[in-house]
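Asks: pasting the structure only:
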């Protein structure tokens, strides 16, 4: 996995860059920027897109240092790795995300074929994908898969509150019975999308566990993962190739 280093307001960040064509900013899950992410980025690039996947944990350490070394497909290993993460996910606050995202988008646009771009996020990355659309009106497509904390009641920083400031089309594929995104939160997100007048898909994938798209973990579900790729491919083609 060949990485390039880019500059953010708070120091360098490693990123994986692949492909050519319209730009797609890929936000990783909590498990780090690792070969699985590169494989997913390459698949998206194969559809005719430039994909940038940054190490959003650059303040904590390198991509290698913040990624697992064991096989998370083994029973219990994924859960053990999550238990070792400490507060690094919560430490990536909305304010820090707002500092980083413009830098990521600027580098992506240096390599992409136009200013309008899409974003896709997995797990915690889904929140970052939504925030990117709230910061930049040329983010015209947002996809979030097995995202958590997208519509938190009584939280002034909840991602769903930025939706009125966006003009993107949204696609969400929620994990089934996900404690980080329960039925009430999914309904709250759907209502916010409707109130903002946005074109959106907001669906639960049957029997798909949290993390269903990650083939390097025990949570992988092929049906959900393939559906997410199909939905993302169609979204990008509708919005970036129209």
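Replies: That came through, no problem. Fair warning: this is a prediction, and the values are worked out from it, not measured in the lab. Numbers count the residues shown, from 1 in each chain.

Asks: can you tell me the average pLDDT over stretch 87-104?
Replies: Here stretch 87-104 scores 97 as its mean pLDDT.

Asks: all helices for this structure, in order.
Replies: Along the chain, counting by DSSP state H, helices occupy 35-45, 77-83, 88-91, 94-111, 125-135, 183-195, 222-240.

Asks: Point out the most buried one among those helices.
Replies: Stretch with highest mean neighbour count among the helices of the chain: helix 125-135 (a mean of 25; mean count of other Cβ atoms under 10 Å). Backbone N, C-alpha and C define where each C-beta goes, glycine included.

Asks: and it, what other elements does it pack with?
Replies: With contacts defined as 3 or more Cβ pairs under 8 Å, 6 or more residues apart in numbering; DSSP states H and E, helix 125-135 has these neighbours: strand 23-27, helix 94-111, strand 117-122, strand 139-145, strand 169-175.

Asks: residues near residue 59, how many?
Replies: 16 (other Cβ atoms under 10 Å).

Asks: In contact with it, which residues?
Replies: Residues near residue 59 by Cβ atoms under 8 Å, 6 or more residues apart in numbering: 10, 11, 91, 92, 96.

Asks: How about residue 126?
Replies: Applying Cβ under 8 Å, 6+ apart, the residues contacting residue 126 are 27, 144, 145, 146, 147, 148, 150, 172.

Asks: again, only this time at 7 Å
Replies: Residues near residue 126 by Cβ atoms under 7 Å, 6 or more residues apart in numbering: 144, 145, 147, 150.

Asks: now, which of those residues sits nearest residue 105?
Replies: residue 144 (17.1 Å; Cβ to Cβ).

Asks: Setting aside sequence neighbours, what's the nearest residue to that closest one?
Replies: The shortest distance from residue 144 to any non-neighbouring residue, by Cβ to Cβ, 6 or more residues apart in numbering, is to residue 126 (3.0 Å).

Asks: For the residue nearest to the spatial centre of the chain, name its beta-bridge partners.
Replies: What sits nearest the mean C-alpha location of the chain, by Cα atoms, centre = their mean, is residue 121, with 1.1 Å. According to DSSP bridges, the residues that bridge with residue 121 are residue 27, residue 144.
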